[in-house]
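> Okay, structure incoming, though there's no sequence with it:
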């Protein structure tokens, strides 16, 4: 009950956060601007073949959704980091702990609030993908639960990483490190090209340590035609999602352990 109450309060705080409101307005404006090429592609598709039209529209939809999905990752990290740091900075965490609330309950409640926010974001992102396809005169063929589960697990990973880092670092520094981690994790992903030398010796440990968020990307299943849809079995889905949830759980436990020894006074 305490955890759920903290989660609700955290979620409500996000909805009233002026910085997030400004971010939301700018984000919507950016998406609307990115929709312009989609409308142009739809108009041009009338003079080309159906296959070319589908490929062009899918490319536009994928580009927009890549931006929206990537922004969600940074949003999850920022909300997780700021939700803890702001409580300490304002001193309200001392009042919360006086109820009493254990430190792990406080952190878990904050994390649950972030998950609630990102759940809303994922549903909106799912609706946007279908809306964009409809505007382009096409229809998304992927299984709906895949487009919901994969980004949700990925955001859970980013939130957990931010929680672990913010217990010892400033939130701005935390976001900077997470951004670098995301870029490096993408670079070290295994490819079909053979790599030798010192870079290969360094890439493998980095690939194991860093979260493979590209593995948890729903972009792999965002398709308008059945022919372009990648067929993945239930076992592979289960393995990938379990990997993401396990990674998030480990980082969240590390965050709880680190937060247990942190001073709750203002920095």
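Nice, I can see it. Everything numeric in this text was worked out from a predicted model, so none of it was measured. Numbers count the residues shown, from 1 in each chain.
> Quick check: which ranges of this protein have low pLDDT?
40-55, 191-200, 224-230, 265-267 (pLDDT under 70).
> Can you identify the element that follows the top helix by length along it toward the C-terminus?
Assignment by DSSP state H gives helix 50-90 as the longest helix of the chain. Of the helices and strands lying after helix 50-90 in sequence (DSSP states H and E), the nearest is helix 92-97.
> Run through the neighbouring helices and strands of that next one.
helix 103-135 (3 or more Cβ pairs under 8 Å, 6 or more residues apart in numbering; DSSP states H and E). Heads up, the C-betas are built off the backbone N, CA and C, glycines and all.
> Give me the angle between the helix it packs on and helix 50-90.
150 degrees (axes from the mean of the first three to the mean of the last three Cα atoms, to 10 degrees).
> quick one: the helix or strand following helix 103-135 to chain centroid distance?
Next helix or strand after helix 103-135 toward the C-terminus (DSSP H and E): helix 144-166. How far helix 144-166 lies from its chain's middle: 5 Å, per Cα atoms, centre = their mean, to the nearest Å.
> Number the residues from 54 up from this point.
Sure, I'll start counting at 54 from here, so that last one is helix 197-219.
> Check which helices and strands helix 197-219 sits against.
Other helices and strands packing on helix 197-219, by 3+ Cβ pairs under 8 Å, 6+ apart, are helix 103-143, helix 156-188, helix 224-240, helix 287-313.
> In contact with the residue lying closest to residue 118 once chain neighbours are set aside, which residues?
Nearest residue to residue 118 in three dimensions, chain neighbours excluded: residue 182, at 5.4 Å (Cβ to Cβ, 6 or more residues apart in numbering). Counting by Cβ atoms under 8 Å, 6 or more residues apart in numbering, residue 182 touches 114, 118, 193, 200, 275.
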